[in-house]
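> predicted structure and sequence below. I'll ask about it afterward.
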Amino acid sequence: MQARSDSSLFGLIEFWWSVASYLASSAHTGLGLWPVPAKPFLPRAEHERLGGLVTFLEAILRRLLYLEA
């Protein structure tokens with residue numbers, strides 16, 4: 001029974017890593033941050049949306065690092 005819960009946990013971790021990667025890359029593409037990953041000024045609405053995404057991704061990554069430790 002322990003082996004199944006371990007594989008389920010690893011599957012969950014892999015899923016959320018994929019979700020975080022997809023969200024970050026879609027934000028990168030949506031902002032047009034290519035070839036230089038910097039944009040000095042953002043409209044307020046875009047800045048708030050990006051701030052919310054970063055907060056969400058930070059929470060996901062904190063939980064993933066805790067589960068992997």
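Yes, it's here.
> in three-state terms, label residue 36 for me.
Here residue 36 is recorded as coil under DSSP: H, G, I helix; E, B strand; the rest coil.
> that one - how many residues pack around it?
Using other C-beta atoms under 10 Å, the number of residues around residue 36 comes to 6. Any C-beta I mention is one placed from the backbone N, CA and C, and that applies to glycine too.
> residue 16 too?
The tally of other residues near residue 16 (other C-beta under 10 Å) stands at 15.
> need the distance between the two termini of stretch 28-47.
Using C-alpha to C-alpha, to the nearest Å, one end of stretch 28-47 lies 13 Å from the other.
> what mean pLDDT does it get?
The pLDDT scores in stretch 28-47 average 81.
> starting at the chain centroid, how far to that stretch?
Put simply, stretch 28-47 sits 16 Å off its chain's centre (C-alpha atoms, centre = their mean, to the nearest Å).
> other residues contacting it?
Residues from elsewhere that reach stretch 28-47 (C-beta atoms under 8 Å, 6 or more residues apart in numbering): residue 50.
> kindly recompute the last result at 6 Å.
Applying C-beta atoms under 6 Å, 6 or more residues apart in numbering, stretch 28-47 turns out to have no external contacts.
> in that stretch, which residues are buried?
The neighbour-count check on stretch 28-47 (16 or more other C-beta atoms under 10 Å) flags nothing as buried.
> great, nothing more from me.
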